[in-house]
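A.B. asks: Predicted model, plus sequence, below.
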Amino acid sequence: MQIGVEISLYPLRGEYIPPIKDFIDRLNAAGEFRVQTNTMSTQVFGEYDRILAVLQREMRSSFEKDGKCIFVMKVLGPLAD
């Protein structure tokens, strides 16, 4: 099943841009999703199980590397294949 996820990351520290860029870079590095960014959020499109598995892994990585942060997500599905 194809889905779309809109996700915003809010690192709770002064230097907030590097953790956001790193998170987006890691999503792009997965190489299996269509990733679109704008000034407020990142949209990720792809297969349900793969997107959620990668988001789970990368959100954990952000918590471990950057400390406290907030993720806000909206999930849209199913999308037409």
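C.D. replies: Happy to help now that I have it.
A.B. asks: which regions of this protein sit below the pLDDT cut-off?
C.D. replies: 81 (pLDDT under 70).
A.B. asks: in stretch 19-31, what counts as buried?
C.D. replies: Neighbour-count burial for stretch 19-31 flags P19, I20, D22, F23, I24, L27, A30 (criterion: 16 or more other Cβ atoms under 10 Å). Where you see a C-beta, it was placed from the backbone N, CA and C, and this is true even at glycine.
A.B. asks: The helix ranked longest in the chain packs against which elements?
C.D. replies: Within the chain, and with DSSP state H defining each element, the longest helix by residue count is helix 48-66. Judged by 3 or more Cβ pairs under 8 Å, 6 or more residues apart in numbering; DSSP states H and E, the packing partners of helix 48-66 are strand 2-11, helix 17-29, strand 69-79.
A.B. asks: Find out how far the longest one is from the centre of the chain, if you would.
C.D. replies: Okay, so that is helix 17-29. Computed by Cα atoms, centre = their mean, to the nearest Å, the chain-centroid distance of helix 17-29 equals 8 Å.
A.B. asks: picking up where we left off before, can you lay out the helices and strands packed on helix 48-66 as a markdown table showing distance to M40?
C.D. replies: Shown next, in a markdown table, are those (distance: least, Cβ to Cβ, whole Å):
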| stretch | distance to M40 |
| --- | --- |
| strand 2-11 | 6 |
| helix 17-29 | 11 |
| strand 69-79 | 10 |
